[in-house]
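Undergrad: could you work out the structure for the sequence below:
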Amino acid sequence: MLLARKFGRTDPTDFVRQAERHGLADLLRNPQTLTLLARAVGEIWPDGRRKTYELACQQLVRELNPERRAATRANAPTADAQLDAAGFLCAVQLLAGIVGFALDDDVADDQHVLWRRLSASPAMPLLDALASSLFQRDEREQQRIPVHRSIAEFLGARHLAALIDSEGLPLGRVVALIAGEDGGIVPDLRGLAAWLTVHCHGARAELVERDPLGVVLYGDVRDFPTNDKRRVLAALRSEAEGYANFRFQDWTAAPFGALATPDMVPVFVELLASPSRAEADIALLDCALDALRYGPPLTELAAPDELTSLYARLDAVTRDASYLPHIRRAAVDVQLRDPARRAAPLVALAKDVFAGKVVDDEDRMLGQLLQELYPEHIPPPEVFDYLRPQKQPHLLASYHGFWGHGLSEATPDDALPTLLDRLSREDRKPVEALDEFQIARMAGDVLARALEVHGDATDNAQLYDWLGAGLDEHEHPRLDGEHQTRVASWLAARPERYKAILREGATRYIGRKDDRFCLHEIANRLYGAEPPTDIVPWYLDQAASETHDELARHFFEEAALQLVRRGGKGWLTSDALDLLDTWIATHSQFQEQLRPFIECDLEKDCRRNQAAKKREREKDRKQRKEGWRGHFREHLEAIRAGSAHPQVLHELAQVYLRKFLDIEGETPRERLADFLGGDEELIEAAYAGFRRSLDRADLPSVTEIVDLEARGRMHFIRQPCLAGIEELYASDPGAVLHLDDEVLRKLLAFRFTWVAEKESDWFTALVKTRPALVAEVLVAYALPLLRKGDEHLHGIWELAYDDTHAEVARVALPDLLKSFPLRAKNKLLANALDPLLKGALRRLDRPEACDHHRRAARSRQHGRGTARPLACLRLDRRTA
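TA: Residues are numbered from 1 along each chain as shown. Presented below is the predicted three-dimensional model:
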């Protein structure tokens with residue numbers, strides 16, 4: 001928001017992502033440090049962390065107030081002097097293990113040392129440094145702490161390097177302070193040591209040997225000479241010889257990108273070509289692949305001949321089953337960085353994997369390729385060529401996720417008919433290779449989206465076919481609740497299309513062996529949509545005009561069945577009988593068709609047939625659920641700990657949140673019991689896992705959550721977290737309100753990006769007690785989507801019409817209106833701008849509301865969309 005408005009950044013999401021990559025994300029939470037960072041890096045982020053930190057520190061040490069700068073110009077210390085003083089203070093803070101510094105005796109304690117007691121040169125401007133933005137102030141402005149730990153590590157290491165290089169401080173004394181008894185670096189000082197290798201060439205060799213992983217993760221090796229980078233790789237290999245999984249405590253991969261410089265390409269090619277499969281060599285190759293994945297684009301990194309060799313080696317690793325699967329997939333990830341250049345060989349790889357020419361025992365590589373190559377390089381008409389039964393049916397990995405979620409999410413609107421035509425074919429064997437839940441999700445999303453985008457433009461025959469995509473082999477609906485509701489709502493809003501589907505189906509089923517019951521199953525393609533109000537007269541008109549006897553009987557029977565359902569008693573009411581008797585008086589050929597309804601024979605036959613099919617479905621359903629229960633049993637401990645793969649927890653949370661149509665139960669526990677076969681241990685593990693999902697260290701940031709939403713995707717951990725917060729609030733409402741703000745931000749972002757059937761109690765509580773926090777996340781969620789043109793945003797309507805959200809509205813509306821796209825389509829104006837402007841009238845002070853309305857009126861694109869709110873404003877003025 002601030003980035004876009006104040007600095008004109010067209011892609012603030014990328015700015016946030018870059019800040020996170022450079023380890024500076026915490027600076028974004030404070031408007032002042034965010035401003036300084038944005039000014040420091042300009043439009044283009046510098047190459048490497050070192051340059052970024054240098055620019056950030058230079059901005060942070062500057063006096064922002066021009067009047068104060070003018071008043072102190074004569075005796076103010078230089079920026080370099082202040083940075084050196086700040087480096088001294090940061091080195092003391094880190095090495096002593098204190099929090100910060102006190103400016104007065106009254107506030108000094110064991111964690112805040114009085115600045116005057118520090119053994120610094122009298123010429124060192126300590127107070128000026130403490131007064132700069134490099135340090136944060138407490139509420140009384142009597143204590144100071146570094147603005148960010150990574151800034152303190154950078155400056156502290158710079159100061160120590162100067163002492164070592166220029167003033168004779170023995171390196172051994174510094175190492176003695178930062179090293180532990182085992183010779184490694186003390187965990188809290190790994191960042192300081194990493195930056196010391198950057199600032200002090202003389203310390204580099206020893207510190208790299210002691211903690212090569214810390215040097216990569218917390219410093220910046222980009223500008224190291226080639227020999228020093230080779231030394232880092234050699235030290236990493238030594239670590240791997242001691243323990244191959246030496247990265248287990250921090251698998252962060254992006255910092256390895258600093259190793260990827262042109263001079264290192266021959267080294268990477270050598271590692272890729274190595275015949276060794278020793279654990280240490282494979283661990284080192286893993287590091288090299290991370291470097292190639294997160295470094296500069298390979299076209300910038302390597303000369304043309306080197307690039308050819310590099311890609312050849314990557315392809316060889318990918319296809320070589322003697323490598324561990326995750327190494328081969330990492331080699332694929334590197335190639336997928338440039339899918340346009342590598343499209344042909346990657347598509348060829350996908351075909352070979354599918355054909356079994358390339359080993360992929362868990363289908364992970366095939367899923368990985370499909371997720372990245374579809375739809376640009378594997379187009380929608382060809383995607384089902386890659387569909388087959390999973391080799392491990394209960395493994396919830398990328399291949400499973402692609403067919404269940406990725407395919408529909410990645411399909412552009414214009415390709416939806418292609419997918420639906422394939423999904424609705426009578427020959428469904430390839431599609432039936434998927435499990436029931438995958439088919440339900442994929443078919444439901446594709447069908448609902450296609451109807452909303454293309455439904456009104458398609459003819460009745462094609463529409464009828466499309467609606468078959470959501471039926472199982474028994475012609476029974478299998479969509480989940482959300483998608484079935486969307487399809488039914490679309491049909492209910494179009495009564496003529498509803499009738500056209502009935503007519504189309506009746507015509508198609510004539511001549512089939514079991515036509516009598518098939519005709520009654522046509523209604524399954526309507527997915528429970530509310531019938532038109534005139535459906536009974538319509539059925540009777542169809543019966544009267546139909547020349548085909550079987551069809552005529554069918555239409556009459558459907559009219560009678562509708563009357564039975566409307567009566568609500570299981571038989572024809574006296575009013576219904578009067579209606580039919582009057583009609584039959586002029587259509588006597590239907591007298592015999594009325595008799596079964598009076599005697600109930602037809603209903604019995606229908607029920608008998610339906611019961612047989614239901615038993616068959618229940619048998620299939622029971623077998624599927626037994627398979628799922630066995631699968632979840634394999635992950636029991638990880639589920640209980642909340643550490644299971646997010647997709648495993650996601651499937652359980654979907655049941656908890658009632659997102660599967662064929663799972664029975666009114667409460668979450670009843671649904672989980674039905675899904676898991678009453679396995680109480682597994683049910684309790686699921687509840688524990690939901691709650692512990694909130695504590696996971698790998699929860700995506702608000703920016704990542706919104707970015708996924710903008711791309712029509714989601715993180716699998718979203719639903720488990722939402723289930724977890726529901727359970728936590730139900731058991732201890734106070735615990736939710738005292739969660740860390742960063743966790744609450746992520747939960748709110750999850751909540752805004754999820755289609756909820758009803759308001760959650762925990763969300764309502766935050767709206768009432770933490771409106772500013774809710775508003776902050778609402779703005780962070782809404783603005784990127786508004787700029788993208790999304791017209792249906794959660795949380796917008798409430799700003800105008802729900803008094804519970806009044807405080808949220810007062811905080812959020814100014815930013816939402818100021819940053820609303822000036823060029824917007826009419827639907828966006830009606831569905832988003834209209835409630836925002838009405839909210840401004842109701843929630844904001846008169847002058848501020850007027851400002852926002854005048855801004856809207858000045859935009860030529862707003863046209864009629866703002867006329868009504870502006871008229872309301874004028875009326876409000878007259879009546880005030």
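
Undergrad: isn't residue 752 up against residue 781?
TA: Yes: taking CB atoms under 8 Å as the definition, residue 752 is a contact partner of residue 781 at 4.4 Å. Just so you know, the C-beta spots here come from the backbone N, C-alpha and C atoms, and that holds for glycine as well.

Undergrad: please identify every residue contacting each of the two.
TA: Common neighbours of residue 752 and residue 781, using CB atoms under 8 Å, 6 or more residues apart in numbering, are 793, 795.

Undergrad: domain map for this structure?
TA: With automatic domain parsing as the criterion, the domains of the chain are listed as 152-218, 772-880.

Undergrad: and residue 207, what's its pLDDT?
TA: Model confidence at residue 207, expressed as pLDDT, equals 97.

Undergrad: now do stretch 686-703, average pLDDT.
TA: Computed over stretch 686-703, the average pLDDT equals 92.

Undergrad: quick one: the helices in the stretch 751-880 of the chain, in order.
TA: All helices of the stretch 751-880 of the chain, identified by DSSP state H, counting those that start in this stretch, fall at 761-769, 771-788, 797-801, 806-818, 826-828, 834-843, 846-858, 867-879.

Undergrad: with adjacent residues omitted, what lies nearest to residue 146?
TA: Leaving aside its chain neighbours, residue 146 sits nearest to residue 152 (3.8 Å; criterion: CB to CB, 6 or more residues apart in numbering).

Undergrad: how many neighbours does that neighbour have?
TA: Neighbours of residue 152 under the rule other CB atoms under 10 Å: 25.

Undergrad: tell me how far it lies from residue 165.
TA: Residue 152 sits 20 Å away from residue 165, going by CB to CB, to the nearest Å.

Undergrad: same check on residue 76?
TA: From residue 76 to residue 165 the distance is 27 Å (CB to CB).

Undergrad: then residue 180?
TA: Remark: distance between residue 180 and residue 165 (CB to CB) = 25 Å.

Undergrad: who has more neighbours out of those two?
TA: Neighbours per residue (other CB under 10 Å) separate residue 180 from residue 165, with residue 165 holding more: 15 against 11.

Undergrad: ok so that one is a strand residue?
TA: No: per DSSP: H, G, I helix; E, B strand; the rest coil, residue 165 lies outside any strand segment and is helix.

Undergrad: contact partners for it?
TA: 200, 202.

Undergrad: and residue 531, what does it touch?
TA: Neighbouring residues of residue 531 by CB under 8 Å, 6+ apart: 498, 562.

Undergrad: would it count as being in a helix?
TA: No: looking at residue 531 with three-state DSSP, it is coil, so not inside a helix.

Undergrad: and it, backbone torsions?
TA: Phi and psi for residue 531, reported as degrees, to the nearest 10, are phi -70, psi 150.

Undergrad: pick the most buried one from the domains of the chain.
TA: Per-stretch averages of neighbours, counted by mean count of other CB atoms under 10 Å, single out domain 152-218 among the domains of the chain, with a mean of 20.

Undergrad: same list (the domains of the chain) but as CSV, adding distance to residue 266.
TA: Output for those, formatted as CSV (distance: least, CB to CB, whole Å):
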stretch, distance to residue 266
domain 152-218, 20
domain 772-880, 42
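
Undergrad: weakest of those by average pLDDT?
TA: Lowest mean pLDDT within the domains of the chain: domain 772-880, a mean of 70.

Undergrad: now the closest residue in space to residue 192 that isn't next to it in sequence: which helix or strand?
TA: Leaving aside its chain neighbours, residue 192 sits nearest to residue 153 (4.7 Å; criterion: CB to CB, 6+ apart). Per DSSP states H and E: residue 153 is located in helix 149-166.

Undergrad: hey, C-alpha coordinates of that helix in PDB?
TA: Extracted C-alpha coordinates of helix 149-166, given in PDB (Å, rounded to 0.1, in the frame of the first residue of the first chain):
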ATOM      1  CA  ARG A 149      19.100  -8.200  14.400                       C
ATOM      2  CA  SER A 150      20.500  -8.700  10.900                       C
ATOM      3  CA  ILE A 151      21.300  -5.000  10.600                       C
ATOM      4  CA  ALA A 152      23.100  -5.300  14.000                       C
ATOM      5  CA  GLU A 153      25.100  -8.300  12.700                       C
ATOM      6  CA  PHE A 154      26.100  -6.500   9.600                       C
ATOM      7  CA  LEU A 155      27.300  -3.400  11.400                       C
ATOM      8  CA  GLY A 156      28.800  -5.200  14.300                       C
ATOM      9  CA  ALA A 157      30.800  -7.400  12.000                       C
ATOM     10  CA  ARG A 158      32.000  -4.400  10.000                       C
ATOM     11  CA  HIS A 159      33.300  -2.800  13.100                       C
ATOM     12  CA  LEU A 160      35.100  -5.900  14.300                       C
ATOM     13  CA  ALA A 161      36.600  -6.300  10.800                       C
ATOM     14  CA  ALA A 162      38.000  -2.700  11.000                       C
ATOM     15  CA  LEU A 163      39.500  -3.500  14.400                       C
ATOM     16  CA  ILE A 164      41.100  -6.600  13.100                       C
ATOM     17  CA  ASP A 165      42.400  -5.100   9.900                       C
ATOM     18  CA  SER A 166      43.400  -1.600  11.100                       C
END
